[in-house]
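S.K.: got a structure for you, letters missing:
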Ligand SMILES: Cc1cc2nc3c(=O)[nH]c(=O)nc-3n(C[C@H](O)[C@H](O)[C@H](O)COP(=O)(O)O)c2cc1C
């Protein structure tokens, strides 16, 4: 077994182990993938200030996200089809997150259902809601998340229409995979994945199949899903859903200071500055680049989290030092899950935790709460001069 020292190592194993269709699904952005690439490369533009001769004993990465204690301010982001990356992937990822002491977010488009994850883990998790045209279905999803004692509702606002990802169309992405000569040839090289998948609790969308009238199998599921995201979503509807949930709400997919102000005005508990990992509006700025402007606009009014592009503890530290109270990781945990199941998610969290802890020490800080702009060297034109 190779010695795994960073997230890139997990990605290499993941690529070997998981069918190409699901690897491509995770490892792509929309259209030219400019935003997908810049999400990560923009982190590299920010440098860290090294400090010495500072007592670095007794360090802690512990913090809070929406009032919940976390071992480090890094939640697992909602990722659709996680259970296709590894059998019962949502349950495994949730267990790893629980053991580590960070929040797990279950996607509406998960394989394991809300109830399956709740039963298997016995701990509250966050539920991510996509708002669908079928308002009864959306209401029932909210009720189900309540019944499962989910501790926060993450409402995703940046996917009412799907950004085009070329590879998914070319691969004919589906869950479970359709058996074409191309997929069969690829699956034959992924036998370990396949054997585990045979024993999975579920291989289709657990929150949808059996919960929507007329959708009973994968044949009509694809068509239903593609048409379901509600294109009429507006702030009024968001406000109503927040009322309906009546608990902690995190609004995800904010990339503009004006939208951040709207979210704060609505009284959400937090926002996630996010461009969906570069999977929606290609050509949008990276999340880390817009963070300073959003902090200026609403930093004093609402808790701000950030995702998109985080691949290391240094990236987490940079987001926190720019003012984010928390972060989310998507692909970084998916690589671990696909590579090694639950142990791989744990490994991804350990890697990021160690990087965060050591980097914090070398910056002369003992506590994530003390991180700030004094720890960073940010290019003067980092926000960019855009007319
Ligand atoms: C394969 C994949 C599936 C995703 N599915 C969802 C989803 O179902 N709901 C959602 O709100 N975000 C979804 N996202 C976006 C993530 O929640 C998160 O914003 C993104 O992954 C962060 O970027 P990163 O992967 O660079 O960390 C998905 C991302 C990926 C990579």
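M.R.: Looks like it came in fine. Computed from a predicted structure; not experimentally measured.
S.K.: Quick check: chain neighbours aside, which residue is closest to residue 39?
M.R.: Of all residues not flanking residue 39 in the chain, residue 309 sits nearest, at 3.0 Å (C-beta to C-beta, 6 or more residues apart in numbering). Every residue, glycine included, has its C-beta placed from N, CA and C.
S.K.: Could you list the residues of the stretch 201-350 of the chain in contact with the ligand?
M.R.: Residues of the stretch 201-350 of the chain lying close to the ligand by C-beta under 6 Å from any ligand atom are 252, 274, 276-277, 279, 307-310, 329-332.
S.K.: In strands only, show me those residues.
M.R.: Cross-referencing these against strands under DSSP state E gives 252, 329.
S.K.: Can you select the buried ones among the residues of the stretch 201-350 of the chain next to the ligand for me in ChimeraX?
M.R.: To isolate the buried ones among those in ChimeraX, judged by 16 or more other C-beta atoms under 10 Å, type:
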select :252,274,276,277,279,307,308,309,310,329,330,331,332
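S.K.: hang on, the earlier thing: so the residue nearest to residue 39 is in contact with residue 42, correct?
M.R.: Yes - counting by C-beta atoms under 8 Å, residue 309 touches residue 42, with 7.0 Å between them.
S.K.: shared neighbours of these two, which are they?
M.R.: Here residue 309 and residue 42 share the contacting residues 286, 288, scored by C-beta atoms under 8 Å, 6 or more residues apart in numbering.
S.K.: follow-up on the earlier one: now the phi/psi pair for the residue nearest to residue 39, please.
M.R.: Per-residue torsions, residue 309: phi 100, psi -10 (degrees, to the nearest 10).
S.K.: quick one: contacts for it?
M.R.: Contacts for residue 309 (C-beta under 8 Å, 6+ apart) come out as 38-40, 42-43, 277-278, 286-288, 315.
S.K.: Please name the residues that touch the residue in the stretch 151-300 of the chain positioned nearest to the ligand.
M.R.: Among the residues of the stretch 151-300 of the chain, residue 277 lies closest to the ligand, at 2.9 Å counting by C-beta to the nearest ligand atom. Going by C-beta under 8 Å, 6+ apart, residue 277 touches 29, 36, 39, 77, 307-309, 330-331.
S.K.: Over to residue 58?
M.R.: Residues counted as contacts of residue 58 (C-beta under 8 Å, 6+ apart) are residue 366.
S.K.: Residues contacting stretch 136-156, please?
M.R.: 66, 68, 78, 103, 105-106, 108, 114-115, 117-118, 124-132, 207, 211-212, 228, 230, 238, 241-242, 244-245, 247-253, 269, 272, 276.
S.K.: End to end on that stretch, go ahead and measure it.
M.R.: With C-alpha to C-alpha, to the nearest Å as the measure, stretch 136-156 spans 18 Å from end to end.
S.K.: which stretches of the stretch 201-350 of the chain have low pLDDT?
M.R.: By pLDDT under 70, the low-scoring segments of the stretch 201-350 of the chain are 216-223.
S.K.: now swap in the stretch 1-150 of the chain and tell me
M.R.: Low-confidence segments of the stretch 1-150 of the chain, defined by pLDDT under 70, are located at 1.
S.K.: Just the mean pLDDT for stretch 156-169, thanks.
M.R.: For stretch 156-169, mean pLDDT is 93.
S.K.: Centre of the chain to the longest helix anywhere in the chain, how far?
M.R.: When the chain is parsed with DSSP state H, its longest helix is helix 331-362. Its chain's average C-alpha position is 14 Å from that of helix 331-362, according to C-alpha atoms, centre = their mean, to the nearest Å.
S.K.: do the same with stretch 78-94
M.R.: Per C-alpha atoms, centre = their mean, the centroid offset for stretch 78-94 relative to its chain is 12 Å.
S.K.: And stretch 369-381, by the same measure?
M.R.: So, by C-alpha atoms, centre = their mean, the centroid of stretch 369-381 is 24 Å from its chain's centroid.
S.K.: Can you list the buried residues in it?
M.R.: 371, 375-376.
S.K.: In contact with the spatially most central residue of the chain, which residues?
M.R.: Central residue of the chain (C-alpha atoms, centre = their mean): residue 77, 2.2 Å from the mean position. Residues in contact with residue 77, defined by C-beta under 8 Å, 6+ apart, are 105, 277, 307, 328-330, 333.
S.K.: Same question for residue 205.
M.R.: Residues near residue 205 by C-beta under 8 Å, 6+ apart: 109-111, 175, 221, 225.
S.K.: need these in JSON lines with neighbour count, can you?
M.R.: Formatted as JSON lines, the contacts of residue 205 follow (neighbours: other C-beta atoms under 10 Å):
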{"residue": "109", "neighbour count": "19"}
{"residue": "110", "neighbour count": "29"}
{"residue": "111", "neighbour count": "29"}
{"residue": "175", "neighbour count": "21"}
{"residue": "221", "neighbour count": "18"}
{"residue": "225", "neighbour count": "19"}
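S.K.: Counting by contacts, list what the helix or strand harbouring residue 75 packs against.
M.R.: Using DSSP states H and E, residue 75 falls within strand 74-76. Applying 3 or more C-beta pairs under 8 Å, 6 or more residues apart in numbering; DSSP states H and E, we find strand 74-76 packed against helix 89-100, strand 326-329, helix 331-362.
S.K.: State the number of residues packed around residue 311.
M.R.: The tally of other residues near residue 311 (other C-beta atoms under 10 Å) stands at 22.
S.K.: ok, now residue 187?
M.R.: When neighbours are counted by other C-beta under 10 Å, residue 187 comes out with 17.
S.K.: next one: the one 10 residues further on
M.R.: Applying the criterion other C-beta under 10 Å, we find 20 residues in the vicinity of residue 197.
S.K.: same check, this time on residue 145
M.R.: 25.
S.K.: Also residue 15?
M.R.: When counting by other C-beta under 10 Å, one arrives at 15 neighbours for residue 15.
S.K.: Same question for residue 339.
M.R.: Using other C-beta under 10 Å, the number of residues around residue 339 comes to 26.
S.K.: Who are the contact partners of it?
M.R.: 10-11, 13-14, 17, 347.
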